[in-house]
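# Build me a model from this:
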Amino acid sequence: MINITIDGQVFAIDPDQNLLEAAKQCQVDIPSLCGKNTKGEKVACNLCVVEIDGQGVQRACETKPAEGMSVTTQSEELSSRRQTALNKILSDHYADCEAPCQTACPAGVDIQSYLYHISQNDHQKAVEVIKRTLPMPLSIGRVCPAFCEAECRRGLVDEPIAIRQLKRHAADIDLKAQEAYVPEKKPAKGKSIAVVGSGPGGLTCGYYLSNEGYNVTVYEAMPETGGWLRYGIPEYRLPKSILDKEVELMCRNGMEIYTNKKLGEDFTLSDLSRDFDAVCLAVGASKAVEMHYTGSDLDGCYLGVDYLKDYVTEHKLVTGKKVAV
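Numbers count the residues shown, from 1 in each chain. All right, here's what the predicted structure looks like:
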């Protein structure tokens, strides 16, 4: 470790870091938009400039700290240089880009928009925005991995916004409202569509098609709907009563679901192609992948997918008092 002075305060830092990284570790804020271009090349933003005694103005991202170094991060000259650099960046920017949180979201949800509506206490409008691209906020708001929060720009200041929890909050409030949000159904198309599978994919397909005015029938092989939301996620993470309410909301524009109907036994693709104008196969990926390690075929050694499904349904798989995962 070495000692340097930043804005009059002495810090012990790792000499292998650059000055920008060291300042961040010491919770000293130096403005920065440094990054890499599409070729993976480092591009300096010129916002991270600092004054170093004996060296003048330097980019913090390119400067290695040295024992006894004295650094100033705020001054009129630095503010002027940063403003000039920022103006140059903005002059070449077409100012029409998605926020990092939305880009990181697999569903492409308009996060900025629904957070705004939540801030205005308009939870139903927030749910309307969410359901344009994600029809199951009650469930997903409880189980999604929140990739959006890892990219949230607020994290550069203190910590990311609790985006997933806010999505869940808006959906919970809407569910308790006198009239929960249901999108307006478009005029009937006069076409019928079959969906095989009532997991997230099948339900999403049926939801949007029924909203568009199609007659949608969903066939599910299991006794209840939801796919892996029901059979692969424990109750403590996703209460099945919440999932049931969400599925009921999704069916309010006419989507019909029939359970215990298995493709190949109760009906065939030929039957569906004869009786419907279109067919969507959303059978999921519920088959476990073999690990093929030594001992994987021994008694009491189960695949995760099989164990989760059994835990929710039959409880036939036996475990002892000690379990290795």
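
# Only C-alpha atoms from now on, for both contacts and neighbour counts.
OK.

# where exactly do the helices run in the protein?
Using DSSP state H, the helices of the chain run over 19-25, 76-91, 100-104, 111-119, 123-130, 137-143, 147-150, 163-176, 200-211, 228-231, 240-250, 269-275, 304-312.

# Adding mean neighbour count, mean pLDDT and distance to residue 258, write these out as JSON lines.
Output for those, formatted as JSON lines (neighbours: other CA atoms under 10 Å; pLDDT from 0 to 100; distance: least, CA to CA, whole Å):
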{"stretch": "helix 19-25", "mean neighbour count": "19", "mean pLDDT": "91", "distance to residue 258": "56"}
{"stretch": "helix 76-91", "mean neighbour count": "13", "mean pLDDT": "88", "distance to residue 258": "55"}
{"stretch": "helix 100-104", "mean neighbour count": "18", "mean pLDDT": "94", "distance to residue 258": "35"}
{"stretch": "helix 111-119", "mean neighbour count": "17", "mean pLDDT": "95", "distance to residue 258": "33"}
{"stretch": "helix 123-130", "mean neighbour count": "23", "mean pLDDT": "96", "distance to residue 258": "27"}
{"stretch": "helix 137-143", "mean neighbour count": "20", "mean pLDDT": "95", "distance to residue 258": "21"}
{"stretch": "helix 147-150", "mean neighbour count": "20", "mean pLDDT": "96", "distance to residue 258": "34"}
{"stretch": "helix 163-176", "mean neighbour count": "19", "mean pLDDT": "96", "distance to residue 258": "24"}
{"stretch": "helix 200-211", "mean neighbour count": "23", "mean pLDDT": "97", "distance to residue 258": "12"}
{"stretch": "helix 228-231", "mean neighbour count": "21", "mean pLDDT": "92", "distance to residue 258": "16"}
{"stretch": "helix 240-250", "mean neighbour count": "17", "mean pLDDT": "96", "distance to residue 258": "13"}
{"stretch": "helix 269-275", "mean neighbour count": "12", "mean pLDDT": "96", "distance to residue 258": "14"}
{"stretch": "helix 304-312", "mean neighbour count": "16", "mean pLDDT": "84", "distance to residue 258": "20"}
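
# To residue 184, which of the ones you listed lies closest?
Closest approach to residue 184 among the helices of the chain (CA to CA): helix 200-211, 7.0 Å.

# From the chain's centroid, how far away is the closest one?
Distance of helix 200-211 from the chain centroid (CA atoms, centre = their mean, to the nearest Å) equals 20 Å.

# rewinding a little: with distance to residue 67 as new columns, can the helices of the chain be given to me in JSON lines?
What follows is the helices of the chain, written out as JSON lines (distance: least, CA to CA, whole Å):
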{"stretch": "helix 19-25", "distance to residue 67": "12"}
{"stretch": "helix 76-91", "distance to residue 67": "23"}
{"stretch": "helix 100-104", "distance to residue 67": "37"}
{"stretch": "helix 111-119", "distance to residue 67": "44"}
{"stretch": "helix 123-130", "distance to residue 67": "52"}
{"stretch": "helix 137-143", "distance to residue 67": "48"}
{"stretch": "helix 147-150", "distance to residue 67": "34"}
{"stretch": "helix 163-176", "distance to residue 67": "42"}
{"stretch": "helix 200-211", "distance to residue 67": "57"}
{"stretch": "helix 228-231", "distance to residue 67": "56"}
{"stretch": "helix 240-250", "distance to residue 67": "59"}
{"stretch": "helix 269-275", "distance to residue 67": "74"}
{"stretch": "helix 304-312", "distance to residue 67": "53"}
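
# do you know which of these lies nearest residue 37?
helix 76-91 (13.9 Å).

# of all the helices of the chain, which lies closest to residue 7?
Comparing those by CA to CA, helix 19-25 comes nearest, at 10.5 Å.

# Quick check: most distant residue from the centroid of the chain.
For the chain, the largest distance from the centre (CA atoms, centre = their mean) belongs to residue 54, which lies 47.3 Å off.

# Need the per-residue pLDDT for that residue.
Per-residue pLDDT puts residue 54 at 91.

# got the phi/psi numbers for it?
Dihedral angles of residue 54 (phi, psi; degrees, to the nearest 10) stand at phi 90, psi -10.

# among the helices of the chain, which is nearest residue 192?
Nearest to residue 192, of the helices of the chain and by CA to CA, is helix 269-275 at 8.3 Å.

# for the closest one, the distance to its chain's centre please.
From the chain centre to the centre of helix 269-275 is a distance of 36 Å (CA atoms, centre = their mean).

# count of neighbours near residue 35?
A count of neighbours around residue 35, defined by other CA atoms under 10 Å, yields 11.

# before we move on, the earlier item: out of the helices of the chain, the one nearest residue 46 is which?
Relative to residue 46, the nearest member of the helices of the chain by CA to CA is helix 76-91, separated by 5.9 Å.

# elements contacting the closest one?
On a contact count with 3 or more CA pairs under 8 Å, 6 or more residues apart in numbering; DSSP states H and E, helix 76-91 meets strand 49-52.
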